[in-house]
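[1] This is the structure alone, sequence omitted:
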């Protein structure tokens, strides 16, 4: 085998050079006495021309045959602007077939109409499609850019255990039966959280890890059995300092990978603002349609729904969709259902037409209220105003979901636009109706905001934490927090969460012990690498940026994993299968 | 908290500067009215001086308290050459206790006499010892150097599945029960071998991965439940080209991490040479004591042992240990036992004294034989000659083990000397006495040497493969091979290994299918990262270069993993425990 150039690198400047190329036959066609072949390697495609003397020996060559060719670079008669190499072609003087190929079950081209399970079954061929290669190459560029930043800023990558201890908190663990310790199990890590905090106690100061994490939950479009987390922890830094270096890293990432200059500082919203303006704690601000606060407008409303809401200290909010008045009754039903699915009891739909508002609820509106809505919402002819009234949480959530749904339908989510923002000041606790107790929003080691510590005794629901999420295009890329490093405060939080001393010892045992030996103030965050790669490569699914993903049924259609195993294996592990 | 400098970075050039430091109290001592504290952070230690006004407020401060201090850098009266910062000290003007510490169960210092299980139980404190931090930092430098090289040579890191299919070949799998597919199991990967070959079929051309791999085998000093493999695969390269870039990468590694210039090309031994000269397929050539070929010397021996050996086409070999004649009968017994443990039936020990040879077997030696031994082995007064006679394999192995054992005892294995070499031309097949069939030495996809292909039909035991191991200081750092890419040859190898079509389909199913679609010639190798880190950091155990290792009983003394789990968890996984 001889190779002087990559196929995709040849340009007009190479004309008259003798080249040796290797690649797969992407397309073959006869044209008069000539034969043309598009030869593909990782770098791209180059057009080959064979004259009539070779026609016979090319007969057996079909798509996906692997060739080694020798020839001269020539300027093309008519260039192909779609190809990087479109201005040249290689006149082949000799060639050799390195390997043959059966007809592939899927077509090796960027566009495919193959079913996903077929693509996954023949993943090795699916990954031969240039667009898939580019996605995995971009994933590598992303990790390289981030590693570069971290390496150059004093961070040390440290690998943490894959075979850890099962903890009853959090998501469901994947378990691994122990052969040596009958009846005992390892758990695959859900995240290196405890270990990275221990590394701070060890004094490493700046840690990172591209860590595989596992959660045995039912899969969705953006979920897999396991995922890769860019896990970061630091000592002695403030929240602002952590946000600061993270932004620097992401700005570099966007420059390195997408050649886009992102401006700093990123927008920073408190959790309250995010919910009030976007109805989401992971707002997508590539488009407007922000939530409008309308409670005051309706303070004297005679509309029973609004009246009752206000009486029970609820909130009335709306969103305006421009030029949307053409929607049908059926479409209104669709959006109403979406709002209901997201917690609203109903959706008021008003169309701005002829300087008034139409819609089934319009008859309950006074002239003043209509005018106030026009003013507050800056309504224009043919706008649609959607209104939800309920508790603050439900109102925000339902309108946020509606905003997202409509934006998707209207094509407002441009894949090649990238909008980063932070959401900060998350509440420390959520009230669990089910368990009738406070639960930690982030995790029980999250530090409450200094100024809210007095509220721990009086108004737990209002305590905010030093937790922060980084959002890109409406996806939570990652999040983190400062951690408690004071034993007394930690004990107080555990008490508020209703944990007894015994609970603490069982659930967090050695971890709590470790905090007694000069624990440094520390904090960090973690990114979902798969999501970053999905968004930056403008893909629809994280499966497109994972080489060999599982399908939605947690199965690999290629290897067929998971599979039954030998009884001998089970016996060694001291387990048996039960129905 | 305020911090202007790292403790270990202060030098004479900083004198008179005002600095803010953070760190743990490593040592505290009173000296007259003054108090001295060694303050430690990741970068090193800096000496602090507190005057009498602070003595009272320092009373509660003990080892491992975390302090934030403010002061001025001064030249020391008497410098401490053991510390990088030994020429300066910081006169403290004010300080704050960030956190307190209980007395630590192990002393935080480079030297420790704590039991390993204690160290592992309090690993977060064990890792606070500067020497342990340096080891993990070096591990990071190693991965960084290798990644750098690979990234700059067109390699792409691609993550392969952690939840794969269990295969009956090879070592024992760690299994993960599936909740979604009752009775089915995933297996944790023993290596990404199949996946990396599939990625070549996909056309990625150059792949690498720092991959966690799992083998459920009984643990030894250099084994863990899981290990990290630097996994590499390439398309279109020859064995020489693969060896070439690997050497380049390792030379860069030694320069980056150890500042040592390693000369290329590395020594390259065939398997036969390695065995003949060093009695090992992973020879340590930091020292001599090479094996001497003595079969010819004894071709007319009257010594029954040698005579029988020669009659049955065996080999007689020896090693010479200089100035070793002082060894006692008891020591001779020890070495004899070592040789026996490694397959020898016995060990002939001869001392070179007064121009003759003494020892229990000496009476069977003729004058000519003694002279020939002196000549062949270049014996000097007080040398000891150890001789083994057996099959080639057993003779080589036993003497190789002896050579290693004696070199260790004599301190010839210098930890700060690094000797790389390649072993190539491994045999393709081993004869399994147990199964009475040929088994693959490397794996069944390894390519036989072109010129040996005719021997596949006539003399399987002599077929050599395109497989190569990279050795450092007697450790197999890694190994690899060119892979078969021709379907017909692959089928022939499978037949020789006694695999039926059904076996092939069950064991390698989708993998063999994949080879029909224009598979490129490919090959690669894999390094054990833990071993590389252990050797370069001059550690005795791989546990010293793993942040949170398991003990020899596959348990983590800190988290106590593996542990029993809830019945609810087992029920969800459709398994139960049996005795």
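    Cool, the structure landed. This structure is a prediction, so every number in the text was calculated from the model and none was measured. Numbering: from 1, shown residues only, chains lettered A, B, ... in the order given.
[2] and the stretch 401-550 of chain A, which of its residues are near chain B?
    A:485-486, A:509-510, A:514, A:516-521, A:546-548, A:550 (Cβ under 8 Å from any Cβ of the partner chain). Backbone N, C-alpha and C define where each C-beta goes, glycine included.
[3] Now which of these would you call buried?
    For these, a burial check counting by 16 or more other Cβ atoms under 10 Å in any protein chain shown picks out A:485, A:510, A:514, A:516-521, A:546-548, A:550.
[4] Would you map the helices across the stretch 101-250 of chain A?
    A:116-121, A:123-126, A:130-151, A:193-201, A:239-253 (DSSP state H, counting those that start in this stretch).
[5] how about CSV for those, with mean pLDDT added?
    Below are the helices of the stretch 101-250 of chain A laid out as CSV (pLDDT from 0 to 100):
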stretch, mean pLDDT
helix A:116-121, 93
helix A:123-126, 97
helix A:130-151, 98
helix A:193-201, 96
helix A:239-253, 98
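[6] JSON lines please, covering the ones you listed and showing mean neighbour count and distance to chain B.
    Output for those, formatted as JSON lines (neighbours: other Cβ atoms under 10 Å in any protein chain shown; distance: least, Cβ to the nearest Cβ, whole Å):
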{"stretch": "helix A:116-121", "mean neighbour count": "18", "distance to chain B": "8"}
{"stretch": "helix A:123-126", "mean neighbour count": "25", "distance to chain B": "4"}
{"stretch": "helix A:130-151", "mean neighbour count": "20", "distance to chain B": "5"}
{"stretch": "helix A:193-201", "mean neighbour count": "24", "distance to chain B": "4"}
{"stretch": "helix A:239-253", "mean neighbour count": "18", "distance to chain B": "10"}
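[7] Ok, which of those helices comes nearest residue B:120?
    helix A:193-201 (12.4 Å; Cβ to Cβ).
[8] re the thing from before, from the buried ones among the residues of the stretch 401-550 of chain A next to chain B, which is closest to chain B?
    Among those, residue A:518 lies closest to chain B (Cβ to the nearest Cβ), at 3.7 Å.
[9] Residue A:97: how many residues sit nearby?
    For residue A:97, the count of nearby residues is 16 (other Cβ atoms under 10 Å in any protein chain shown).
[10] Also the one 4 residues further on?
    Residues lying near residue A:101 (other Cβ under 10 Å) number 20.
[11] looking at it, it is touching residue A:60, isn't it?
    No. Under the criterion of Cβ atoms under 8 Å, residue A:101 is not in contact with residue A:60, lying 10.9 Å apart.
[12] Residues contacting the lowest-mean-pLDDT helix or strand in chain A, please?
    Lowest by mean pLDDT, DSSP states H and E among the helices and strands of chain A is helix A:501-514, with a mean of 83. Residues lying outside helix A:501-514 but in contact with it, judged by Cβ atoms under 8 Å, 6 or more residues apart in numbering or on different chains, are A:167-169, A:194, A:197-198, A:201, A:490, A:494, A:499, B:121, B:124, B:558-560.
[13] let's go with 10 Å and repeat that
    A:165, A:167-169, A:193-195, A:197-198, A:200-202, A:444-445, A:487, A:490-491, A:494-495, A:497, A:499-500, A:515, B:102, B:105, B:121-125, B:556-560 (Cβ atoms under 10 Å, 6 or more residues apart in numbering or on different chains).
[14] And it, what's buried?
    Applying 16+ other Cβ under 10 Å to helix A:501-514 flags A:504, A:508, A:510-514 as buried.
[15] and that helix with helix A:193-201, angle?
    Angle, helix A:501-514 to helix A:193-201, by axes from the mean of the first three to the mean of the last three Cα atoms, to 10 degrees: 40 degrees.
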